[in-house]
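Enquirer: pasted the sequence and its predicted model underneath.
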Amino acid sequence: REMKSDTRSEAEQKEPLADKNQSDDGAFQERDQGQPPLMENSSLADQRRTLEEILSDLAEKSSEARFRRLVNELTEVIYAKVSSPLSTGLLAALSFLALGIEEKDYGESERTLCRKNFETLMTSERIDQLIDFLCGSGRDDSSLNKVHFLLRKSGEQGARQLGERLAEEKEAKRRKILAQALIAFGRSALATLDRLLRDERWYVVRNAATILGEIRDPETAGRLAALLGHKDERVRREAIRALTRLGTTEAMDVLLVAVEEGDPDLQRQALLFLGAMKQTKAIPYLLRFLERSDPFVRCLELKRGAVR
């Protein structure tokens with residue numbers, strides 16, 4: 001019989017056939033629990049290429065079909081390394097998928113493939129591994145930047161696991177690292193921070209207030225205002241600091257209420273921070289307090305502090 005010629009490019013012909021463990025849209029699917037991973041099949045394991053080799057091929061322009069095969073091959077190799085320590089190659093491969101989610105040069109189907117495969121790989125175990133790496137020592141800046149990026153791309157699940165780790169972490173240095181990672185999430189961390197604000201431990205609530213202040217989302221003023229009634233003085237003070245960082249009109253309204261109605265310590269803190277803002281929009285709030293009637297001169301010291 002007449003043999004059909006192989007119309008694939010030379011680069012495509014050199015590639016091993018992609019694994020058939022794919023969904024209808026071509027994305028990689030996690031294997032069933034009863035099905036052994038490819039790494040346990042010696043013949044297939046011998047055929048598996050390195051992450052670096054696959055990434056090198058992906059750096060070249062290719063057809064959509066070839067791109068799909070390479071991305072799924074990359075994903076299969078990453079999946080097989082689920083118990084392996086994070087390496088430079090593994091971080092680069094995960095970053096490739098995460099970047100591909102919003103790559104403008106890709107078509108919609110290619111971006112969707114990267115997103116689905118990335119989501120499949122970012123299990124809770126993998127996120128814990130990234131957090132462990134973040135809290136470790138002797139990490140180079142390039143790898144740390146990739147880990148921060150991957151955690152942010154993991155979305156609410158990554159923020160939740162960071163928050164859980166922060167609540168239980170005993171070492172101050174690691175708490176700072178975890179807090180900074182959550183700050184980088186921005187609004188994506190708000191759901192996690194809401195859970196931490198309801199925690200019974202005062203220091204967990206205080207840390208969440210600190211992070212809210214650093215995120216500086218104007219919509220969080222109400223959350224911070226509620227903390228001014230917290231039973232622990234340290235939480236109330238941190239809420240004042242965080243409101244100052246927001247610097248919004250709503251935040252300043254809350255601070256003025258604290259000046260007028262709060263306990264003496266809260267009044268003093270609110271006044272000092274209002275004055276420290278050094279913004280023209282804070283002046284009317286300070287003047288209102290200075291002009292307030294005080295026939296028994298009970299607020300003299302507070303007024304002096306407001307104009308220093």
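Expert: Great, that's in hand.
Enquirer: can you list the buried residues in stretch 98-111?
Expert: A98, G100, I101, Y106, E110, R111 (16 or more other C-beta atoms under 10 Å). C-beta here means a position set from N, CA and C on the backbone, and glycine is covered the same way.
Enquirer: ok, now stretch 161-173?
Expert: Neighbour counts over stretch 161-173 (16+ other C-beta under 10 Å) mark Q161, L162, G163, E164, R165, L166, A167, E169 as buried.
Enquirer: can you check stretch 247-266 too?
Expert: T248, E250, A251, M252, V254, L255, L256, A258, V259, G262, L266.
Enquirer: out of the residues you listed, which comes closest to T120?
Expert: T248 (40.2 Å; C-beta to C-beta).
Enquirer: the closest one contacts E219, correct?
Expert: No - assessed by C-beta atoms under 8 Å, T248 is found out of contact with E219, at 9.3 Å.
Enquirer: what about the buried residues of stretch 161-173, which are in helices?
Expert: Q161, L162, G163, E164, R165, L166, A167 (DSSP state H).
Enquirer: okay, strands next: where are they in the stretch 101-250 of the chain?
Expert: Counting by DSSP state E, counting those that start in this stretch, the stretch 101-250 of the chain has no strands at all.
Enquirer: flag the shaky bits of this structure, pLDDT-wise.
Expert: Residues of the chain that meet the criterion pLDDT under 70 lie in 1-47, 262, 277-308.
Enquirer: can we see that at 50?
Expert: Applying pLDDT under 50 to the chain flags residues 1-8, 12-20, 31-46, 295-297, 300, 305.
Enquirer: hey, which helix is longest across it?
Expert: Looking across the chain with DSSP H, the single longest helix is helix 64-80.
Enquirer: and the ones in helices among the buried residues of stretch 161-173 as TSV, adding distance to S188?
Expert: As requested, these are exported to TSV (distance: C-beta to C-beta, whole Å):
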residue	distance to S188
Q161	13
L162	11
G163	12
E164	16
R165	16
L166	15
A167	18
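Enquirer: ok, so of the residues you listed, who is nearest T244?
Expert: Using C-beta to C-beta, these come closest to T244 at L166, 22.6 Å.
Enquirer: surely that closest one is in contact with L178?
Expert: Yes - the criterion here is C-beta under 8 Å, and L166 meets it with L178 at 4.3 Å.
Enquirer: elements contacting the longest helix of the chain?
Expert: Contacts defined by 3 or more C-beta pairs under 8 Å, 6 or more residues apart in numbering; DSSP states H and E place helix 64-80 against helix 10-14, helix 51-58, helix 88-100, helix 108-121.
Enquirer: give me the buried positions along the third one.
Expert: For helix 88-100, burial by neighbour count (16+ other C-beta under 10 Å) applies to G89, L90, L91, A93, L94, S95, F96, L97, A98, G100.
Enquirer: out of the buried residues of stretch 161-173, which is nearest to G186?
Expert: Among these, and counting by C-beta to C-beta, the member closest to G186 is L162, at 13.0 Å.
Enquirer: these two touch, right, that closest one and Q180?
Expert: No - using C-beta under 8 Å, L162 is not in contact with Q180, being 10.0 Å away.
Enquirer: now the nearest residue to A93 once chain neighbours are set aside: how far from L74?
Expert: Using C-beta to C-beta, 6 or more residues apart in numbering and skipping residues adjacent in sequence, the residue nearest A93 is L51, 4.6 Å away. Computed as C-beta to C-beta, to the nearest Å, the L51 to L74 distance reads 7 Å.
Enquirer: and S109, by the same measure?
Expert: 16 Å.
Enquirer: what residues are up against the nearest residue to A179 once chain neighbours are set aside?
Expert: Counting by C-beta to C-beta, 6+ apart, A179 lies nearest to I211, which is 5.6 Å off, once chain neighbours are set aside. By C-beta atoms under 8 Å, 6 or more residues apart in numbering, the residues touching I211 are A179, L182, I183, A189, L193.
Enquirer: can you tell me the closest non-neighbouring residue to the last one?
Expert: If the residues on either side of it in the chain are set aside, L193 comes closest to A208, at 4.8 Å by C-beta to C-beta, 6+ apart.
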